[in-house]
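Asks: Test case, fold it:
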Amino acid sequence: MSAADFLQECTQPFINRDLNPAALNHAGFTRLSLELCQTAQLPVYLADGTRFVLTARIMEFNACLILHPSNAAADPQAGNEGLSVQLQLIDPLISEPYTLFLTAAGSWNGALREELAAWCRKTAAQLPLKPAAVHTFSGELIQQYFAKVKARFHSSPEFLWADFKGAVLRRGDSGKWFACVMEVQSRLFDKTRAGSACGMLPAVIVNLHLPPAEVAALKEKGPPFYPAYHMNKTHWISVELSAVSLDELIELTAASFKLAASGSAGKRPRS
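Replies: Coordinates of the predicted model:
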């Protein structure tokens, strides 16, 4: 793979992602300062106030992922035209840049490139998609739920998937999810509807993080509570939006919000 093809592979995951400063800070990026450039052995000209950097240890190097969103990136229709994604590797033993990763051949260098590309993909996945690229929800009930969540918990839905109608709600302080809203065929979370025509119809579920004892008690009650779809079934519960009162759902959401405080379970639930 040529250097140009490799850099395009690293850039592509960021296309149609929300690259505003708040979203970048949420993903761990910091604004690139003169002090950081000097510390990380980066060119001083990069510290122009418009670039953001994320650092990590990749194999034996200190890696810096530098994003420079263009003005067009602020336009949901622009697709991040003009976006600059730069990769810098610093050899910590000599405090000098390592540039051969772009041109050198061999299995070791190939493995280094693979890790860098995987890092770019993983990092881009932390950033929500721009509004024009997502499958947003329609319907009065879901909009009422989102409005109540925003008023009480100061959180708006983040649409992380381009090919799936789903959104997450997260705490602003810890960055952890407290709800995951999905539109899926009802047969996927309610096995009694499998094989029936109604099971093929879409339904909105809200996945909430609750104490294991409460999860078990709610599952024992049955509909509108179901074993968590695509989430950890010990710590999460799926609630069918159309079959529960909005007030009850908000109170359950409040409990999930509390568990998502700093010091609780990790940012991203595992299925």
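
Asks: Tell me, how many residues neighbour Q88?
Replies: Applying other Cβ atoms under 10 Å, we find 20 residues neighbouring Q88. Just so you know, the C-beta spots here come from the backbone N, C-alpha and C atoms, and that holds for glycine as well.

Asks: Would you confirm that it contacts I66?
Replies: Yes. Because the distance of 6.7 Å satisfies Cβ atoms under 8 Å, Q88 is recorded as touching I66.

Asks: ranges for the helices of the stretch 1-150 of the chain?
Replies: Using DSSP state H, counting those that start in this stretch, the helices of the stretch 1-150 of the chain run over residues 3-11, 21-26, 34-39, 107-125, 140-153.

Asks: The ones you listed: lowest mean pLDDT?
Replies: Mean pLDDT values for those show the minimum at helix 3-11, a mean of 82.

Asks: Now do the contacts for H68.
Replies: T50, R51, F52, L83, S84, V85, Q86 (Cβ atoms under 8 Å, 6 or more residues apart in numbering).

Asks: Enumerate every residue touching the first one.
Replies: Residues near T50 by Cβ under 8 Å, 6+ apart: H68, P69.

Asks: Need the per-residue pLDDT for it.
Replies: pLDDT for T50: 86.

Asks: any idea how far it lies from C37?
Replies: As judged by Cβ to Cβ, to the nearest Å, T50 and C37 stand 13 Å apart.

Asks: ok, back up a step: distance to Y226 and mean neighbour count added to the helices of the stretch 1-150 of the chain, as JSON lines?
Replies: Converted to JSON lines, the helices of the stretch 1-150 of the chain look like this (distance: least, Cβ to Cβ, whole Å; neighbours: other Cβ atoms under 10 Å):
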{"stretch": "helix 3-11", "distance to Y226": "39", "mean neighbour count": "15"}
{"stretch": "helix 21-26", "distance to Y226": "30", "mean neighbour count": "14"}
{"stretch": "helix 34-39", "distance to Y226": "47", "mean neighbour count": "13"}
{"stretch": "helix 107-125", "distance to Y226": "26", "mean neighbour count": "16"}
{"stretch": "helix 140-153", "distance to Y226": "17", "mean neighbour count": "15"}
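
Asks: Can you lay out the ones you listed as JSON lines showing distance to Q185?
Replies: Shown next, in JSON lines, are these (distance: least, Cβ to Cβ, whole Å):
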{"stretch": "helix 3-11", "distance to Q185": "34"}
{"stretch": "helix 21-26", "distance to Q185": "31"}
{"stretch": "helix 34-39", "distance to Q185": "48"}
{"stretch": "helix 107-125", "distance to Q185": "24"}
{"stretch": "helix 140-153", "distance to Q185": "17"}
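
Asks: A197 is nearest to which of those helices?
Replies: Nearest to A197, of all the helices of the stretch 1-150 of the chain, is helix 140-153, at 22.4 Å by Cβ to Cβ.

Asks: Who are the packing partners of the closest one?
Replies: Here helix 140-153 touches strand 177-185, strand 202-209, helix 246-259, going by 3 or more Cβ pairs under 8 Å, 6 or more residues apart in numbering; DSSP states H and E.
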